[in-house]
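Trainee: Let's see this in three dimensions:
(2 chains)
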Amino acid sequence: MTPRTAIPRGEPSVDPNTINAMPTKQLFISMLTRDIGLIPSIIDLVDNAADGARQLRADGGLAGLWVRVEASERSFKISDNCGGISVETARNYAFRFGRAAGAPAVRHSVGQFGVGMKRAIFKLGSRCRVESATKTSSFVVNLDVAKWATSKEWEFEFSDVVEATTIAADKRGTRIHITSLHADVASKLALQSFENELARELERRLQEPISRGLAVSMNGLPVAARPLLMLADKRLVPAAKVLKFKAPKQKVVRVKLFCGLGPSDRALAGWHVFCNGRLVLEADKTIVTGWGEKARGLEIAGFHNQYTHLRGFAYFDSDDPGLLPWNTTKTGLDTDSAVYRATRLEMIRLMQPVVRFLNQVKVERQDLGPDSSGHLQEMLAASKTVAVDDVQHRPVFTVRYTPITIRRPSVQRLQYDVPLDKAEQVKKVLKVSSWKALGERTFDYFYDNEVAE
Amino acid sequence: MSTPSFEKINYAFRPAKHAQRKMLCEALHRLGRLASLRTYRYVGFGSVGFHDFSLFHQRLGIDDMISIEASTRAKQRVSFNRPYACIRMKWGWSYDVLPTLSWPKRSIVWLDYEHSLDRKKLADISLVTSSLLSGSMLVVTLPVEPRHCDDAARSGPKHRLADLIGRVGEDRVPVEMIGPSLSGWGAAKVERDIVNDEIVRTLLDRNDPLVSAQRVEYQQLFNFRYDDGKRMMTVGGLLANAGDRQLLGDSFEGLEFVRRAKPAYTIETPMLTIRELRFLDALLPTDSGRSQPKWLPAQDRQRYSRLYRHFPTFGVVEP
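Mentor: Sure thing, here's the model as predicted:
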């Protein structure tokens, strides 16, 4: 039977001096779902499965563990074999709104706020079946959201509970099946483009567990991890820095920063920020990571095409995910976080020499024109792409080269306006096809006749 | 590229700047309570004169010195004038060079700019503030001359405010600021606050995740103004954690030029002949002015009494 929790009920107050401030469930449902997109809410569910995998294999590989996502216009299913949710956890924590004190912690986990599963269910549809089995217990919860929203109790009921049993390893895991999808969700899930988009987001956001061996699939197709690449060369060495923050009586937050160059790609240029292996901010080129005039850091006007080679990677890791600077939807950073603000100063410092180098490349390109390639451009072209984890680095982005002075005759560009009809006449007389040639020929004529000895 | 200022002004003959340099040196000497000054690094803009480098090497014994020089056009000339082999040259603008430096030891950084405050200089200040180890000193010198322009319409008070906003950004300029407040030493007043704010704000970010013993606080020690033909200001001070602050105690007390808040110490140089200076020296420091000859202008006598320990003597040396 359903255990009673200590959550107070929303009954009218009988004491005339008491004011009822109980939240309505409708507020919860609308508030929780309003600020998150469909894809991030689905990824929250995959994150939960990945956290289960991390718990099973604290420091080892995740091979043999899987998460399967199946989405269609009729229903949404996610299933995994990542250890399951125990009846005890379900009873006291997993269905609570918000992370309760005393909730079992998963070291280095992504789940933190205690809203992901409920929020995803509310976001997607109005009926849901959650089944889970661990080594020693199993349960089923059937949820009718509309019915639950009108009931007074802040409780869910088990449809089936089995405890003190032994469940075979291949039967352990969690399965969430959401039906009666909201109309807008159903139409989105029916789109091939949505499936592609979700698969790509999974690739990006879950690189760490996937590269450790977790098999993630989307409608039967495997989702691969895409390694993050940097350009490395003996002459172009990326910068790396490790920071450690430790407040009294708190877990350590470790931050690993890399900054340097990558293959030219506007979509990938900028900072990529990870919290406990989860990509939170991708290719950021905004004030958040120090770009722009108002950023009080990197004093450049903002992102321009010359910076498409810039890559920055910031990995925040802690056994206590509450100390990491992510927002609750894990789609951005909490820029007021003390750890982030201090790290941002370092990020800006690491980025400045890279920006300077790319500015020099631009100048070189402008000086030499499109047909020839200068020393800096050649260095860029000769660099190899290397996975971030394997890259050789130094404390500061380092360019090792001896500038070659190119001795070119100094030239002066001339520009002036003349009446078009006169210009056309001269062009005809000179038998030239371009205005440039006209300018050169008329200048040479004057020089030869009036200046040269 | 604009002409480097050392091709226009001979810094050796700027008495107020010279006095300021000696005052700074006297204050820096007091850092010795933390650690031998020989263990410090000095980072500055030596130009061709390297006056600060010579003084700090001679008086403080610092031999890890970095001079940042943007004028690559005068590379050979600057290198030729480098007075000591321990000075390493870093070529480029400060905002390009500073991010490439590592900060492994306590440092004294003097950002002695020849151009007005702008975002890039504030970025330098922020970067250095976020990097310096406890027990370091940051000093910033800036010209604060109201800008003159050939176009009368762009020289008025209104333009001065627009110019300041253009240089540092609207967010940094107080909302109540009006153009006329920027005339005279008004710009120095505002820009001292802007620099101070940048340092404090950067330290808020740097310190927030740290435990209190590790937190590095800024204590302003310098707020100079002087005018050797161009209005200049210098602000700066100590960056130190609680432990270092305790070790330093009242080290900077008793230095008459130390200014810990907004009011500035103005270096006003007297106009006196060498013979007059030497005569006054013989009466100082105890003389109250009574025995000084009345035919010497009172203002010059007072100025010299305040400054005599740091005041330079320039003479002509005929070959």
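Trainee: okay, CA-based contacts and neighbour counts for the rest of this
Mentor: OK.
Trainee: Quick check: B:Arg41 touching B:Pro104?
Mentor: No. B:Arg41 lies out of contact with B:Pro104 (CA atoms under 8 Å); the separation is 9.3 Å.
Trainee: Of these two, which one has the most company?
Mentor: Neighbour count, other CA atoms under 10 Å in any protein chain shown: between B:Arg41 and B:Pro104, B:Arg41 has more, with 20 against 11.
Trainee: Run through the bridge partners of that one.
Mentor: B:Asp64, B:Ser107 (DSSP bridges).
Trainee: Remind me what the strand or helix carrying A:Val140 packs against, helices and strands.
Mentor: In the assignment (DSSP states H and E), A:Val140 maps to strand A:138-144. With contacts taken as 3 or more CA pairs under 8 Å, 6 or more residues apart in numbering or on different chains; DSSP states H and E, strand A:138-144 sits against strand A:125-133, strand A:158-162.
Trainee: For the stretch 251-400 of chain A, which residue gets nearest to chain B?
Mentor: When scored by CA to the nearest CA, the stretch 251-400 of chain A has A:Ala342 as its residue closest to chain B, at 4.6 Å.
Trainee: That residue: what's it in contact with?
Mentor: Taking CA atoms under 8 Å, 6 or more residues apart in numbering or on different chains, we find A:Ala342 in contact with B:205-209.
Trainee: Tell me the bridge partners for B:Val139.
Mentor: Beta-bridge partners recorded for B:Val139 (DSSP bridges): B:Trp110, B:Gly236.
Trainee: number of nearby residues for it?
Mentor: Neighbour count of B:Val139, defined by other CA under 10 Å: 21.
Trainee: from memory it sits against B:Val109, does it?
Mentor: Yes. Here B:Val139 lies in contact with B:Val109, judged by CA under 8 Å, at a distance of 6.1 Å.
Trainee: restrict the contacts of A:Ala342 to contacts with chain A.
Mentor: Among those, the residues within reach of chain A (CA under 8 Å from any CA of the partner chain) are B:205-209.
Trainee: Looking at those residues, which one is closest to A:Lys384?
Mentor: B:Arg206 (35.1 Å; CA to CA).
Trainee: Give me the buried positions along stretch B:296-309.
Mentor: By 16 or more other CA atoms under 10 Å in any protein chain shown, the buried positions in stretch B:296-309 come out as B:301-302, B:304-308.
Trainee: again, but for stretch A:209-224
Mentor: Residues of stretch A:209-224 classed as buried by neighbour count (16+ other CA under 10 Å): A:209-211, A:213-218, A:223-224.
Trainee: Would you work out how far apart the start and end of it are?
Mentor: One end of stretch A:209-224 to the other measures 11 Å (CA to CA, to the nearest Å).
Trainee: Now for B:Ser116, how many residues are close by?
Mentor: Neighbours around B:Ser116, by other CA under 10 Å: 18.
Trainee: Would you mind confirming that it is in contact with B:Val140?
Mentor: No. Using CA under 8 Å, B:Ser116 is not in contact with B:Val140; the gap is 11.4 Å.
Trainee: follow-up on the earlier one: turn the contacts of A:Ala342 into a markdown table, columns for distance to B:Trp185, secondary structure and pLDDT.
Mentor: Shown next, in a markdown table, are these (distance: CA to CA, whole Å; DSSP: H, G, I helix; E, B strand; the rest coil; pLDDT from 0 to 100):
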| residue | distance to B:Trp185 | secondary structure | pLDDT |
| --- | --- | --- | --- |
| B:Asp205 | 31 | helix | 91 |
| B:Arg206 | 32 | helix | 93 |
| B:Asn207 | 33 | helix | 94 |
| B:Asp208 | 35 | coil | 89 |
| B:Pro209 | 38 | coil | 90 |
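Trainee: residues from the stretch 1-150 of chain B in reach of chain A?
Mentor: B:96, B:99-102, B:119-120, B:122-123, B:126-127, B:130.
Trainee: are any of those residues buried, and which?
Mentor: Buried among the residues of the stretch 1-150 of chain B next to chain A by 16+ other CA under 10 Å: B:96, B:99-100, B:119-120, B:122-123, B:126-127, B:130.
Trainee: And the furthest pair within those?
Mentor: Maximum pairwise distance among those (CA to CA): 18.6 Å, between B:Thr100 and B:Arg119.
Trainee: A strand includes A:Glu203, no?
Mentor: No. Using DSSP: H, G, I helix; E, B strand; the rest coil, the assignment for A:Glu203 is helix, not a strand.
Trainee: Chain B: helices as residue ranges?
Mentor: Along chain B, counting by DSSP state H, helices occupy B:15-29, B:51-60, B:75-81, B:94-97, B:119-131, B:157-168, B:186-207, B:242-248, B:274-281, B:298-307.
Trainee: Then chain A?
Mentor: Going by DSSP H, chain A shows helices at A:25-34, A:38-56, A:87-89, A:116-124, A:145-150, A:183-189, A:192-205, A:207-211, A:338-368, A:375-382, A:420-430, A:435-446.
Trainee: Contacts for the fourth one next, please.
Mentor: For helix A:116-124, the surrounding residues in contact (CA under 8 Å, 6+ apart) are A:29, A:32-33, A:38, A:41-42, A:44-45, A:48, A:76, A:95, A:97, A:128, A:145, A:178, A:181-182, A:185.
Trainee: Quick check: B:Ser131 touching B:Trp103?
Mentor: Yes. With contact defined as CA under 8 Å, B:Ser131 counts as touching B:Trp103 (6.5 Å).
Trainee: Who has more neighbours out of the two?
Mentor: Per other CA under 10 Å, whichever of B:Ser131 and B:Trp103 has more neighbours is B:Ser131, with 21 against 13.
Trainee: how is the chain carved up into domains?
Mentor: Here I'm looking at chain A. Domains of chain A are assigned by automatic domain parsing as A:25-223, A:229-399, A:420-451.
Trainee: Not quite, go with chain B.
Mentor: Taken from automatic domain parsing, chain B resolves into B:5-146+B:184-267, B:270-319.
Trainee: Find the one among these with the highest mean neighbour count.
Mentor: Ranked by mean neighbour count under mean count of other CA atoms under 10 Å in any protein chain shown, these are led by domain B:5-146+B:184-267, which reaches a mean of 18.
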